[in-house]
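[1] got a predicted structure here, sequence first:
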Number of protein chains: 2
Amino acid sequence: MSVHKLENAAPSNEPGMPEALGFRPLYRQVKAIFVRRLVDGVWAPGAVLPSEGQLAAEIGVSQGTVRKALDELAAENLVVRRQGRGTFVAEHDERRILFQFFKLAPDQGAPRFPDSVVLSTATGLADAGEREALDLSESDSVIRIRRLRSFGETPLIIETLSLPQKLFPGLEAGPIPNNLYSLYAGHYGVTIAHARERLKAIALTAEDAAVLGVAAGDPALQIDRLALSLDGMPVERRLSLCLTQEVHYLSDLR
Amino acid sequence: MSVHKLENAAPSNEPGMPEALGFRPLYRQVKAIFVRRLVDGVWAPGAVLPSEGQLAAEIGVSQGTVRKALDELAAENLVVRRQGRGTFVAEHDERRILFQFFKLAPDQGAPRFPDSVVLSTATGLADAGEREALDLSESDSVIRIRRLRSFGETPLIIETLSLPQKLFPGLEAGPIPNNLYSLYAGHYGVTIAHARERLKAIALTAEDAAVLGVAAGDPALQIDRLALSLDGMPVERRLSLCLTQEVHYLSDLR
DNA sequence: AAGTGGTCTAGACCACATT
DNA sequence: ATGTGGTCTAGACCACTTG
């Protein structure tokens, strides 16, 4: 049973205290408490949370307020609510990644997850682009991973990842699984919460074209992804070059 | 003052009537009433809705239920809530389009809206692709508009639109404004609610390259957009070819 | 001052899943 | 039968905007 400082323990704001800065609703303060528990790993991926009633009693607010906080977390895909069962910490299983983080789909047939072959792993000082993207200083090192991803026998993507070494010590030494976000969460306590992708059409260099088995100068879709952790820090940069003959990038505008 | 049939006027379901089909919460029935009013133009873009209390009294539910229905409409960008002022029907002004429907942004500088020059307008029978996308039959006609869109002096996009003629009679004859979605809503009562875009990297044909002022075979980003109206019907197909030297397509994964 | 949406509470009941 | 999240209600009060 922990103790939390909520800004307005009594729902009425003190008079004479002229509100000064922005109003922060109670349910957002409660949400912040929950996010902290996710960041700190107190609530680990896959675990079930205490019931709404228990949380409300523990924190000292009504069940409706807890509910509104959890609803926002569910809308951000940080927790999953299942009626009759409980509220669970979201996991980076293949279903979620396919739904949330992998926007390439075959022109015909169901969405699927590509296989990966690691071409190289290395470490080194972050270059200017990596420092900019990952918010690193000149003395910081990164882990670089290069992978070829395919649908069956068809090469599809060349992917170059850059990770801050300080966040993922030893990752370059171990085996690299296909599902990296699950590894980040399980072994390093880093949960990817969302990402920002910038797309361009480019002409392939001779080198990249050779790896993909096409001609130099062929067009490819370049995807520059920056993935952010739960607390909003940039955590992974991923530059992908995709052949889009039989595949497309799906974007829903709502 | 209108009358609405709600499924469970008494909150308890009849016993002996074993629920048979799925449960439909009250607030979704209320939401459906509101969507109908938007589709029918009873509530026109920019108009202010009655207050939550008035709607609750009119329909015969609690204010909290009306609130939950309106919250969902707001989350879908169909209405805009402004504290202290009221709830308004969303409009397709430039701000909203830039935010919701135009994902191309300059690599440097703030997002902006490109200028348009109409290259041609025509009408004709829908081809196979248009029939498939827009759910038309062999006897249906489409309006086709071809535009060149630029940032200042720099040609950026060749855009080819296909519209069902029966939905937009006479559109091909009048002037074509830069902001088409505003025209659809204002003159034809068709509100674009969301869209689905499929992206590929392609090599430009000699013809398209000439219009854009680059070399044949240069890579370009192809965006195949299908826009859906409020009631979920496909309403516009838009095929864009974009030069992405100094511009990128932004996709947020949340 | 009055009206609007936004927050918070408390309680009753429903739908769903598990025991 | 029990426990969970989901719905619905009613009422009080807060924050914001406008006359």
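    Sure thing, it's come through.
[2] check which helices and strands the helix or strand where A:I157 lies is in contact with.
    According to DSSP states H and E, A:I157 maps onto strand A:154-164. The contact analysis (3 or more Cβ pairs under 8 Å, 6 or more residues apart in numbering or on different chains; DSSP states H and E) places strand A:154-164 against helix A:128-134, strand A:141-151, helix A:206-212, strand A:234-242. For glycine as for every other residue, the C-beta is placed from the backbone atoms N, C-alpha and C.
[3] what mean pLDDT does the last one get?
    Strand A:234-242 shows a mean pLDDT of 98.
[4] in the sheet, which strands lie alongside that strand, parallel or antiparallel?
    The strands beside strand A:234-242 in its sheet (DSSP bridges) come out as strand A:154-164 (antiparallel), strand A:219-229 (antiparallel).
[5] switch those strands over to a markdown table; also include mean neighbour count.
    As requested, these are exported to a markdown table (neighbours: other Cβ atoms under 10 Å in any protein chain shown):
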| stretch | mean neighbour count |
| --- | --- |
| strand A:154-164 | 20 |
| strand A:219-229 | 21 |
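[6] could you dump these into JSON lines with mean pLDDT and distance to B:F101 added?
    As requested, the strands paired with strand A:234-242 are exported to JSON lines (pLDDT from 0 to 100; distance: least, Cβ to Cβ, whole Å):
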{"stretch": "strand A:154-164", "mean pLDDT": "97", "distance to B:F101": "28"}
{"stretch": "strand A:219-229", "mean pLDDT": "98", "distance to B:F101": "21"}
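[7] of all those strands, which lies closest to DNA strand C?
    strand A:219-229 (24.0 Å; Cβ to the nearest atom of the strand).
[8] alongside chain B, which residues does chain A contribute?
    A:76-77, A:100-101, A:103, A:194-203, A:217-222, A:224, A:242, A:244, A:247-254 (Cβ under 8 Å from any Cβ of the partner chain).
[9] just to revisit the earlier point, mind putting the helices and strands packed on strand A:154-164 in a markdown table, distance to A:P169 included?
    Output for these, formatted as a markdown table (distance: least, Cβ to Cβ, whole Å):
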| stretch | distance to A:P169 |
| --- | --- |
| helix A:128-134 | 16 |
| strand A:141-151 | 9 |
| helix A:206-212 | 29 |
| strand A:234-242 | 14 |
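[10] ok, which of these comes nearest A:H92?
    Closest to A:H92 of the helices and strands packed on strand A:154-164, according to Cβ to Cβ: strand A:234-242, at 12.4 Å.
[11] same for the next helix or strand after that closest one, what does it pack against?
    Toward the C-terminus, strand A:234-242 is succeeded by strand A:247-253 as the next helix or strand (DSSP H and E). Applying 3+ Cβ pairs under 8 Å, 6+ apart, we find strand A:247-253 packed against strand A:104-106, strand B:192-203, strand B:247-253.
[12] turn those into TSV, columns for distance to DNA strand C and mean neighbour count.
    Listed next are these as TSV, based on distance: least, Cβ to the nearest atom of the strand, whole Å; neighbours: other Cβ atoms under 10 Å in any protein chain shown:
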stretch	distance to DNA strand C	mean neighbour count
strand A:104-106	28	17
strand B:192-203	20	20
strand B:247-253	23	18
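[13] in CSV, list those strands along with mean pLDDT and distance to B:P175.
    Shown next, in CSV, are these (pLDDT from 0 to 100; distance: least, Cβ to Cβ, whole Å):
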stretch, mean pLDDT, distance to B:P175
strand A:104-106, 96, 38
strand B:192-203, 97, 20
strand B:247-253, 98, 27
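[14] can I get those in CSV with distance to A:L136?
    As requested, the helices and strands packed on strand A:247-253 are exported to CSV (distance: least, Cβ to Cβ, whole Å):
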stretch, distance to A:L136
strand A:104-106, 28
strand B:192-203, 30
strand B:247-253, 22
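[15] closest to DNA strand D out of the ones you listed?
    Short answer: strand B:192-203, nearest of the helices and strands packed on strand A:247-253 by Cβ to the nearest atom of the strand, at 21.3 Å.
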